[in-house]
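coords please:
(one chain, ligands or ions: 1)
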Amino acid sequence: MTFRAVLLTQEDRKVSAEVAQLEDSQLPDGDVTVDVSYSTVNYKDGMILNGVGRLVRDYPHVPGIDFSGIVRASNDSRYVEGDRVVLTGWKVGEAHWGGYAQRARVSGDWLVKLPEGLSELEAMSVGTAGFTSMLAMQALEDHGIGSAPVLVTGAAGGVGSVAVHLLSQAGYDVAASTGRPETSDYLTKLGASQIVPREELAEPPSGPLASERWGGCIDAVGGTTLAHLLTEMQYGASVAACGLAGGNELSTTVIPFLLRGVNLLGIDSVMCPFEIRDKAWSRLDELIDRERLSEMTTVVGLAEVPQLGSDILAGQVRGRTVVDVGA
Ligand code: NDP
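Okay, here's the model as predicted:
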């Protein structure tokens, strides 16, 4: 049997992507074969599609760090033909062929059965970015959220958009920080009560502490933004650090931690254990307003993936981009 996929090849250290026809016999080893319905374009996919960060070591390679689909064949007793499944993380799309294909073969340990209420399209509108937002919100709640608004940085991006919506649905007052003022209406509709211009937070902090502005933060940006917002956290509040879209270096002092008891919580969606995954997907199913989810989602075909990989690295993609692998 043949299927279509985005295939990455490398020549003279230059990576290029094209849509190719592949055979089932080329699929990697794994217990479960899935007919993929949808995948998505995440920041990490942008890096992989552009050969940034040497995340992929073996070529040819099929990228796509997440997918939803239907089990086609299984040697794992937990899954039978016809089960609806979702996969995020486990280095799929990096060290193992991923979701930009009509077929995937993976370990059953990496899959989660889709909650009844979530369609395959909705599951990928959430995708890795939304799953990460849920892990971040859960981490903030586990440590206690303060009375001041909860800040989301990189708010118009994938992680940010879902984070704004989830926090608002859970009843928190949400401040959305964005460098794109034209997305203000979009972010307000997702649930933000105030928009914070990116420049307010992007400069290095002027001192070790500033006025207490935030009761918690989901940060997708890192760099000087993270250093800055650490000085503005309420006493005992937490920052869930998810991303590095604004830089991976962090220059701060220990003062916010010593004098304000601020918690810096690292969020890793890749190797997160099964029980946490299962709980996160159930809560996503409960909390997400399907209409808002659809408004933050753009659906594209496999052929558009390479260009979108460059756009997302340039910070030009709004919300979530779902890839309909059949289109
Ligand atoms: P997106 O590109 O969709 O969102 C990133 C957003 O960050 C942009 O939309 C933009 O928001 C803002 N941004 C971009 N460039 C800059 C810059 N130079 N300075 C300040 N802000 C900037 O990416 P994703 O949402 O998919 O991912 C966001 C981050 O989270 C990435 O670093 C990604 O690697 C990481 N991530 C981490 C995971 C984990 O497990 N820890 C899982 C998934 C993602 P705006 O236009 O609103 O300013």
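
Closest residue of the stretch 201-327 of the chain to the ligand?
At 2.3 Å from the ligand, Gly243 is the closest residue in the stretch 201-327 of the chain, using CB to the nearest ligand atom. The way it works is simple: take the backbone N, C-alpha and C, and place the C-beta from them, glycine included.

Kindly apply the preceding question to the chain instead.
Gly157 (1.9 Å).

right, and that residue touches Ala245 too?
Yes. Counting by CB atoms under 8 Å, Gly157 touches Ala245, with 6.8 Å between them.

for the chain, what's the longest helix?
Looking across the chain with DSSP state H, the single longest helix is helix 120-143.

Now the host helix or strand of Asp185: average pLDDT?
Using DSSP states H and E, Asp185 sits within helix 184-190. Taken as a whole, helix 184-190 carries a mean pLDDT of 98.

Any idea how far it is from the middle of the chain?
Distance of helix 184-190 from the chain centroid (CA atoms, centre = their mean, to the nearest Å) equals 19 Å.

if we can go back for a sec, so what's the residue of the stretch 201-327 of the chain closest to the ligand closest to, chain neighbours aside?
Ala220 (3.9 Å; CB to CB, 6 or more residues apart in numbering).

Check which residues of the longest helix of the chain are buried.
Within helix 120-143, the residues that qualify as buried are 120-140, counting by 16 or more other CB atoms under 10 Å.

which residues does the residue nearest to Gly243 contact?
Listed by CB atoms under 8 Å, 6 or more residues apart in numbering, the contact set of Ala220 reads Val152, Thr153, Gly154, Gly157, Val159, Gly160, Ala163, Cys242, Gly243, Ala245.

overlap in contacts of Gly157 and Ala245?
Residues touching both Gly157 and Ala245 by CB under 8 Å, 6+ apart: Tyr43, Ala220, Gly315.

ok, how many other residues are close to Arg78?
If you count neighbours by other CB atoms under 10 Å, Arg78 ends up with 12.

Which of the contacts of Ala220 ranks first by neighbour count?
Tallying neighbours with other CB under 10 Å puts Val152 at the head of the contacts of Ala220, with 39 neighbours.

give me the beta-bridge partners of it?
Val152 has these beta-bridge partners by DSSP bridges: Ala176, Ile218.

And it, how far from Cys242?
Distance of Val152 to Cys242, given as CB to CB, to the nearest Å: 10 Å.

joint contacts of those two?
The contact sets of Val152 and Cys242 overlap at Ile218, Ala220 (CB under 8 Å, 6+ apart).

Check what pLDDT the residue of the stretch 201-327 of the chain closest to the ligand gets.
Here the pLDDT value assigned to Gly243 is 97.

wait, isn't it in contact with Gly222?
Yes. Between Gly243 and Gly222 there is a contact under CB under 8 Å: 6.1 Å.

Strands along the stretch 51-200 of the chain, start to end?
Taking DSSP state E, counting those that start in this stretch to define them, one finds strands in the stretch 51-200 of the chain at 66-74, 84-88, 103-106, 112-113, 150-152, 174-178, 192-197.

Neighbours of Val34, how many?
Val34 has 28 neighbouring residues, counting by other CB under 10 Å.

what does stretch 177-195 contact?
Contacts of stretch 177-195 (CB under 8 Å, 6+ apart): 149, 151-156, 160-161, 164-165, 167-169, 173-176, 196-202, 221, 225, 292, 295-296, 315, 318-319.

Brilliant, that's me finished.
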